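Colleague: Predicted model and sequence follow; I will ask about them next.
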Amino acid sequence: MEGGGGSGGRSPGPRPALALRGALMAAGGGSRFLAARYRELGDDSLFVYDCINAEKKTLGNKGQDGKQIDKGSDDILAFALSPSGDYFALTDDSKRLILFRTTPSWECVSVRSVNRRCTSLIITAADDKILVADKSGDLYSYSITEPQADGKLELGHLSLLLDVALSPDDRYILTADRDEKIRVSLAKAPYCIVSYCLGHEEFVSKILVIPNYPDLLLSASGDSTLRLWEYKSGEEVHCCHLSSICGPETTKTDQKYPVSRITYCCQGGYVAVLCDSISTVCIFQLDAIAQQLVYRQQISSKHKVWDIAFEETGDLWILQEDKEAPLQLYRPCDEQWKEVTDDKGLQKMSKYLQDNWTVFEGFVGTESHYSSLYKASFDNAATYLEKQEERLQQQKKKRKELQCGSNGQTKKMKSEEPSL
């Protein structure tokens, strides 16, 4: 079989996002993103790009009049910086893959078509390929060295793909889907499945191979768990229930905690996790020897948190739903993260986001990003008995109506009989 089947559900829609690599920061929402070198104070250049202005690509989907049908918007669905920071790639709702070179200055390299709307993408450590996961369950690779070349189908799942990750040496491709599965494949021969990491009970929303412990994988799910794996063998080595940590933050007894972002800092082995349903960031520390995640701290915001990202130094950036303070910066001090307000990079990027707040204002007050991915559950026995009772009542009602109709007809016939 050459690739995945049906989508298995509705994919998460666009949302504001943040990406960091070295001195470069990119933030986006809707059809636009902006990027700047926030740590280079002498460089005040700001790059702003709107997908509305991108070249329109088509795949031959025509209506009866022979004209092209373009049902997609220009909203950005996913974006990523390459490990080197030299490239930036995004996919949008119009099924385009747009590649940029970031050095020595920003330049759009290519605009290519993708077969389906995409959910996640990643750039290889070698800076030679972009891996793009889509809602039909397929994963395609697109060359960076040949920026106009068509995509190549690498592998397929039978349900919606939600995330893709790579081992630091580009040897393994890891894919996560809506049907609770994480698949580990060889990059050079993706049809060769190394293992499955099975254990989640809901969709797997995020996966991350730990850069300085490349045999370990972090995964998060709609089942409100954060799990640690030895992914080559598919063995789960630790499971953290986020409901036991985040529970006091809400009064809802059935509250779910789908994770929308995992970010990792090699310096100290810190893991920050953002749940889609609450404005709280949870910080853990990896104990690689014991293969455990040790809970350290919560950071709560008065506003909805859209995204988070670690700097290499351990500074934690928060993108939030607040025009007056769109970014927050937390810095580690004695193993606790404390808010910093006098950082020049923070002030610089906050001003850029404030001046371009129209990028984000369409997302203010929006609902949960992952709620549509939960599978509806039914009590089949109760449903059957309820339907059976409805049918019995309908049959009784019908018999009663027929009986009343029959009696009325008999009386009518008797009244019409001639007298002798």
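Modeller: Nice, thanks for sending it over.
Colleague: distance of A176 from S224?
Modeller: Distance, A176 to S224, using Cβ to Cβ, to the nearest Å: 16 Å. Placement of C-beta: from N, CA and C, glycine included.
Colleague: er, G314 actually
Modeller: According to Cβ to Cβ, G314 stands 26 Å off from S224.
Colleague: ok, these two, which is more surrounded?
Modeller: In this comparison of G314 against S224, neighbours counted by other Cβ atoms under 10 Å, the higher total goes to S224 at 23 against 16.
Colleague: Show me the helices in the stretch 101-250 of the chain, by range?
Modeller: Counting by DSSP state H, counting those that start in this stretch, one finds helices in the stretch 101-250 of the chain at the ranges 242-246.
Colleague: quick one: the strands in it?
Modeller: Assigned by DSSP state E, counting those that start in this stretch, the stretch 101-250 of the chain shows strands spanning 107-113, 118-123, 129-134, 138-143, 152-156, 161-166, 172-177, 181-186, 193-198, 204-209, 216-221, 225-230, 235-241.
Colleague: Now tabulate the ones you listed in a markdown table and tack on mean neighbour count, distance to T263 and mean pLDDT.
Modeller: Formatted as a markdown table, the entries for those read as follows, by neighbours: other Cβ atoms under 10 Å; distance: least, Cβ to Cβ, whole Å; pLDDT from 0 to 100:
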| stretch | mean neighbour count | distance to T263 | mean pLDDT |
| --- | --- | --- | --- |
| strand 107-113 | 16 | 27 | 97 |
| strand 118-123 | 24 | 14 | 96 |
| strand 129-134 | 26 | 19 | 97 |
| strand 138-143 | 22 | 22 | 98 |
| strand 152-156 | 19 | 25 | 96 |
| strand 161-166 | 24 | 13 | 97 |
| strand 172-177 | 26 | 16 | 98 |
| strand 181-186 | 20 | 19 | 98 |
| strand 193-198 | 16 | 20 | 98 |
| strand 204-209 | 23 | 8 | 97 |
| strand 216-221 | 26 | 10 | 97 |
| strand 225-230 | 22 | 12 | 98 |
| strand 235-241 | 16 | 16 | 97 |
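Colleague: Let me have those strands in JSON lines, adding distance to E335 as columns.
Modeller: Compiled in JSON lines, these are given as follows (distance: least, Cβ to Cβ, whole Å):
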{"stretch": "strand 107-113", "distance to E335": "42"}
{"stretch": "strand 118-123", "distance to E335": "30"}
{"stretch": "strand 129-134", "distance to E335": "35"}
{"stretch": "strand 138-143", "distance to E335": "38"}
{"stretch": "strand 152-156", "distance to E335": "41"}
{"stretch": "strand 161-166", "distance to E335": "27"}
{"stretch": "strand 172-177", "distance to E335": "30"}
{"stretch": "strand 181-186", "distance to E335": "30"}
{"stretch": "strand 193-198", "distance to E335": "30"}
{"stretch": "strand 204-209", "distance to E335": "22"}
{"stretch": "strand 216-221", "distance to E335": "20"}
{"stretch": "strand 225-230", "distance to E335": "19"}
{"stretch": "strand 235-241", "distance to E335": "18"}
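Colleague: Touching stretch 232-245 from outside, list them.
Modeller: Among residues not part of stretch 232-245, those counted as contacts by Cβ atoms under 8 Å, 6 or more residues apart in numbering are 172, 184, 194-199, 215-216, 224-230, 255, 257, 259, 273, 275, 282, 284, 291-293, 295, 298.
Colleague: what is the rounded mean pLDDT of stretch 44-58?
Modeller: Confidence over stretch 44-58 (mean pLDDT, whole number) is 88.
Colleague: buried ones in it?
Modeller: Going by neighbour count (16 or more other Cβ atoms under 10 Å), the buried part of stretch 44-58 is 46-47, 49, 51, 54.
Colleague: For the residues you listed, name the two members farthest from one another.
Modeller: Considering Cβ to Cβ, no two members of those lie farther apart than L46 and A54, which are separated by 18.8 Å.
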